[in-house]
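In: Please work out how this folds:
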Amino acid sequence: MFILNRNADYRCPLHPADADILGLEAAGAVEHHLSYRDQHSETPLVSLPALAAEMGVTALHMKDEGQRLGLGSFKALGGAYAVIRLALEEAEARLRRPVDMGEMHSPEVRKVAETLTFACATDGNHGRSVAQGANLVGARAVIFVHAGVSDERVAAIARFGAEIIRVAGSYDDSVKEASRVSYDRSWTIVSDTSWRGYERIPGLVMQGYTALVREALRQMPMPPTHVFIQSGVGGIAAAVAGHLAVALGEQRPVFTVVDPARAACLFETARAGHPVTLPHGEPTVMAMLECYEPSLVAWRILSRVADAFMTVDEEDAIAVMRRLADPLGTDPVIVSGESGAVGLAGLLKVAADPEMRTALSIGPDSRIFLVNTEGATDPRKYQEIVGRSPGEVALRGAA
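Out: Numbering: from 1, shown residues only. The predicted structure follows:
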């Protein structure tokens, strides 16, 4: 399914608060933060010329977040950043003086952080980031996981010392339970989705994601003309679209949001013109995108700067995982998890449909930007789908 957003505007008409969250100064603050992270290095921007030629476009670039900060996902940029920012703000309040990111590991800051508990619900990647951030500053983390989160993903969160609470039901059920328990126990909820009255912290999470956009703009020879980004509650799509709108203004690219057909909360929200909560249906293989209610902040941004919304099917996500593991010609191998390359799955559907190509003005001069949002964060599942382990695929790419 595919729809155009008739309300999109190239004058960067973001709400002032959203422009502040995703603007240049805020993105600079994120990069300052990253300069103090031990495992930080810019992730690669991978060029796929053979695939671009097959699609009849000038360039196709994919930002590969598969090694980000040792967590294997773009979410490493968001939850940890929000936790550390909040811990430093609390330290400033108690110490009654400015506290810079360079004091993150200082005894004074750690003494404050040890009194704090940060909690969140997760499909896996966001919880790992929140747990890592709490571990870095010496705070406590409690992570709520729903029934569909694999034992492998839970173990990856627990290795940062987080307490794990299992919740029956879906991701949205775990969000509600995390919020309820955190309120009762005066914990700080660090969610990557927002609801009425709860916007600032999800905004900080999205702010963390702007780092990958800044890096990509420096790495690309020319800014993109088109962007396809996958979406769960909308955080990554809104962060990329919003920052590009601020940074590029009227030259911003045509932006398409891609949802799983089985959990298309943003697509249905766009079709209705207001936030829509979907009934829970059959699970999707795109586990990190299985969300049935959009983030209100993300929708506010995307309603203004996303040009199109579309859905892809289960077989589309599986096909791009395999395609990236066995690329065309001399294109490099990319290890992508079940949700990582859904934007590419959307692009492939558009490229094969003349009407959709025309609607998005995709032609021989187009320069397309994608993000591989996760590597093989569940190696067992990856091997089931691709037929080889992530290590075997990566080794083939290095040969």
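In: Three-state assignment for Asp331, please.
Out: coil (DSSP: H, G, I helix; E, B strand; the rest coil).
In: Is there a neighbour count for it? I'd like the number.
Out: Other residues near Asp331 come to 22 when the count uses other C-beta atoms under 10 Å. For every residue, glycine as well, the C-beta is placed using N, CA and C.
In: Thr43 versus that one, what's the distance?
Out: 18 Å (C-beta to C-beta, to the nearest Å).
In: One more: Gln219?
Out: Where Thr43 is concerned, Gln219 sits at a distance of 9 Å (C-beta to C-beta).
In: Between these two, tell me which one has more neighbours.
Out: Using other C-beta under 10 Å as the criterion, Gln219 and Thr43 rank with Thr43 on top: 23 against 15.
In: For the more buried one, give me its contacts.
Out: Applying C-beta atoms under 8 Å, 6 or more residues apart in numbering to Thr43 gives the contacts Lys63, Asp64, Glu65, Gly66, Gln67, Arg68, Leu212, Glu215.
In: same thing but 7 Å
Out: Contacts for Thr43 were tallied using C-beta atoms under 7 Å, 6 or more residues apart in numbering; they are Lys63, Asp64, Glu65, Gln67, Arg68, Leu212, Glu215.
In: Only the buried subset of those, as a PyMOL command please.
Out: Here is the PyMOL command that picks out the buried ones among the contacts of Thr43, judged by 16 or more other C-beta atoms under 10 Å:
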select buried, resi 63+64+65+67+68+212+215
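In: Sort out which of the contacts of Thr43 are in helices and list them.
Out: Leu212, Glu215 (DSSP state H).
In: Dump the contacts of Thr43 to a markdown table, plus pLDDT and distance to Pro107.
Out: As requested, the contacts of Thr43 are exported to a markdown table (pLDDT from 0 to 100; distance: C-beta to C-beta, whole Å):
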| residue | pLDDT | distance to Pro107 |
| --- | --- | --- |
| Lys63 | 98 | 37 |
| Asp64 | 98 | 37 |
| Glu65 | 97 | 33 |
| Gln67 | 92 | 32 |
| Arg68 | 95 | 29 |
| Leu212 | 98 | 33 |
| Glu215 | 98 | 33 |
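In: follow-up on the earlier one: name the residues contacting each of Gln219 and Thr43.
Out: In contact with both Gln219 and Thr43: no residue, using C-beta under 7 Å, 6+ apart.
In: Now Gly340: phi and psi?
Out: Per-residue torsions, Gly340: phi -70, psi -40 (degrees, to the nearest 10).
In: Near it, how many other residues are there?
Out: 33.
In: Grab the most central residue of the chain for me.
Out: The residue lying closest to the centre of the chain (C-alpha atoms, centre = their mean) is Ile236, at 3.8 Å.
In: State the three-state secondary structure for that one.
Out: When the rule is three-state DSSP, Ile236 gets the label helix.
In: Excluding sequence neighbours, find me the nearest residue to it.
Out: Closest residue in space to Ile236, ignoring its immediate chain neighbours: Tyr209 at 5.7 Å, by C-beta to C-beta, 6 or more residues apart in numbering.
In: Based on its surroundings, how many neighbours for the one you found?
Out: 29.
In: circling back to that earlier point, correct me, but the residue nearest to the centre of the chain touches Gly242?
Out: No - using C-beta atoms under 7 Å, Ile236 makes no contact with Gly242, being 10.7 Å away.
In: show me where the protein has strands.
Out: In the chain, the strands defined using DSSP state E lie at 2-4, 45-47, 59-64, 117-122, 140-146, 163-167, 188-189, 226-230, 254-260, 308-312, 367-372.
In: and those as a markdown table, adding distance to Leu347?
Out: A markdown table is the format used below for the strands of the chain (distance: least, C-beta to C-beta, whole Å):
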| stretch | distance to Leu347 |
| --- | --- |
| strand 2-4 | 12 |
| strand 45-47 | 15 |
| strand 59-64 | 8 |
| strand 117-122 | 27 |
| strand 140-146 | 30 |
| strand 163-167 | 35 |
| strand 188-189 | 35 |
| strand 226-230 | 5 |
| strand 254-260 | 8 |
| strand 308-312 | 10 |
| strand 367-372 | 6 |
